[in-house]
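Peer 1: next one to model:
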Amino acid sequence: MAYVINEDCIACGSCIDECPVEAISEGDIYAINPDVCTDCGTCADICPSEAIHPE
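Peer 2: Predicted coordinates for the structure are as follows:
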């Protein structure tokens with residue numbers, strides 16, 4: 001199960017630096033590619049706005 005980023009995302013970039021498989025792309029609200037995400041949860045742990053959750 002991949003993680004998703006909701007509208008609480010503040011586009012700070014913390015999750016991009018932490019993702020070990022580079023599944024996160026930048027934008028007004030960042031997005032996680034479900035085909036690449038390995039469900040490690042590292043991005044959710046680092047997110048300061050708690051915008052990342054399991055799908």
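Peer 1: in contact with the spatially closest residue to residue 15 that is not a sequence neighbour, which residues?
Peer 2: In space, not counting the residues next to it along the chain, residue 15 is nearest to residue 43; the distance is 3.9 Å by CB to CB, 6 or more residues apart in numbering. (Glycine included, C-beta is placed from N, CA and C.) Contacts for residue 43 (CB atoms under 8 Å, 6 or more residues apart in numbering) come out as 3, 15, 18, 19, 24, 32, 52.
Peer 1: narrow the residues you listed to just the buried residues.
Peer 2: Among these, those buried by neighbour count (16 or more other CB atoms under 10 Å) are 3, 15, 19, 24, 32, 52.
Peer 1: format these as JSON lines; extra columns: secondary structure.
Peer 2: Formatted as JSON lines, the entries for the buried ones among the contacts of residue 43 read as follows, by DSSP: H, G, I helix; E, B strand; the rest coil:
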{"residue": "3", "secondary structure": "strand"}
{"residue": "15", "secondary structure": "helix"}
{"residue": "19", "secondary structure": "coil"}
{"residue": "24", "secondary structure": "strand"}
{"residue": "32", "secondary structure": "strand"}
{"residue": "52", "secondary structure": "strand"}
